[in-house]
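1. the sequence and its predicted three-dimensional model are supplied below.
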Amino acid sequence: MSVRPNFGKAAHPVQWQSNNSMTIAVVIPTYNHARYLADAISSVIAQKRPADEIIVVDDGSTDDPAAVVARFPGVQLIRQENQGLAAARNTGLRSCTASHVVFLDSDDRLLSNALEAGLNCVAKHPDCAFIYGGYRYITHDGSACGIDHYSPISGDPNLALIRHNLIGMHATAVFRRDCLLEVGGYDGTLRLAEDYDLYLRLVRNHPVACHPGIVAEYRWHEQNISSDGLKMLRATLKVLDRHEARIRPNTLEREALQQGRANWRNHYAWTMLETSHAIGPSLRAVQLFVRALETSPWFVLLTMKNFVGWRFKQAVPVPLTRLVSRWM
């Protein structure tokens, strides 16, 4: 599936490329995640279509990722002072020479079909700044959990991505390196939501494409940056504010921005509710519930209403639930 923006400059022209003529690098930024790093590197080495370059960027870690990288011949290690995830990805972007690049966080994994499926999609849509697929969650020990996630783009990709980050997991995306360099890579001033900011900047002037293949595994653990819903919400709304300041005023984009802000509030309110429920009765759970209520009060109240209604239906005989529904 491929979609083009309906405004702005024409997409960057390129010649058709076959899978054999394209090269691909995998950049793995890491910061104090050495215990997961071997799993990430192994998932890249196990690709059906091998990576042309594997670069690990140590962003000032204190847990010795160099010892892990030394176990994998051919994997390049770059060390730098701690500057944040965006800066580490930019270091990897500048250091690789491949035509396309994937960014894999060191606590996540690629499935063995990731690069093959990604380049197959790129070959069909070579003018796209990036393509993406689907992903699934895994627990801290690597066990699968939950359902597969894939959200295709329909309609104008710029408006669709303003409303929500449909990519979901950064490692599912295969980027054209020249397009990333053209927009200056990631914004190093952003410590959170830097990937969402990049998508919005790229999609303004380039088409994007997607495919339904599940290509990556998102590891959920207690140290995930994205687990702090309130912090992530503030960062995401900041990205939308910055995007609003650089767009041409028109009704469709203003409406999309309004919808996007509401969607993100609901999304992180739901995340906080889920976390509160998962950790059980505790002060932390109460704090998360209050934060969710502050973030999106009507959404939380509606969710609680639906949940109470569902529990009521589970607990009482069907004739009584019908009687109550008619009375209501």
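-> That came through fine. Residues are numbered from 1 along each chain as shown.

2. residue contacts, the closest residue to Leu202 other than its chain neighbours?
-> Nearest residue to Leu202, sequence neighbours excluded (C-beta to C-beta, 6 or more residues apart in numbering): Ala129, at 4.3 Å. C-beta here means a position set from N, CA and C on the backbone, and glycine is covered the same way. By C-beta atoms under 8 Å, 6 or more residues apart in numbering, the residues touching Ala129 are Ala11, His12, Phe175, Arg176, Cys179, Leu180, Leu202, Val203, His206, Pro207, Val208.

3. at 10 Å what do you get?
-> Neighbour list for Ala129: 11-12, 173, 175-176, 178-180, 182-183, 198-199, 201-209 [criterion: C-beta atoms under 10 Å, 6 or more residues apart in numbering].

4. in this protein, which ranges drop under the pLDDT threshold?
-> The model of the chain has pLDDT under 70 over residues 1-20, 221-227, 279, 305-328.

5. how is it partitioned into domains?
-> 2-227, 232-315 (automatic domain parsing).

6. which of the contacts of Ala129 are buried? Put it as a PyMOL command.
-> Selecting only the buried entries of the contacts of Ala129 in PyMOL, with 16 or more other C-beta atoms under 10 Å as the criterion:
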select buried, resi 11+173+175+176+179+180+198+199+201+202+203+204+205+206+207+208+209
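
7. among the contacts of Ala129, which lie within strands?
-> Ala173, Phe175, Arg176, Val208, Ala209 (DSSP state E).

8. pick the one among the residues you listed closest to Tyr268.
-> Closest approach between these and Tyr268, by C-beta to C-beta: Ala173, at 21.6 Å.

9. if I look at the closest one, how far off is His211?
-> 11 Å (C-beta to C-beta, to the nearest Å).

10. what sits in contact with each of these two?
-> By C-beta under 10 Å, 6+ apart, the residues touching both Ala173 and His211 are Gly118, Ile131, Tyr132, Gly133.

11. who wins on neighbours among the residues you listed?
-> Tyr132 (30 neighbours; other C-beta atoms under 10 Å).

12. strands paired with the helix or strand harbouring it, and their directions?
-> Using DSSP states H and E, Tyr132 falls within strand 130-138. Strand pairing for strand 130-138, using DSSP bridges, gives strand 144-149 (antiparallel), strand 173-176 (antiparallel), strand 208-219 (parallel).

13. report the buried residues of the first one.
-> So the one you mean is strand 144-149. Neighbour-count burial for strand 144-149 [16+ other C-beta under 10 Å]: His149.

14. what's the offset of the next helix or strand after that strand from the middle of its chain?
-> Beyond strand 144-149 in the direction of the C-terminus, DSSP H and E gives the next helix or strand as helix 157-163. For helix 157-163, the distance from its own C-alpha centre to the chain's C-alpha centre is 15 Å (C-alpha atoms, centre = their mean, to the nearest Å).

15. so which elements touch helix 157-163?
-> In terms of contacts (3 or more C-beta pairs under 10 Å, 6 or more residues apart in numbering; DSSP states H and E), helix 157-163 is packed against strand 2-3, helix 194-203, strand 208-219, helix 229-246, helix 251-279.

16. thanks a lot, catch you later.
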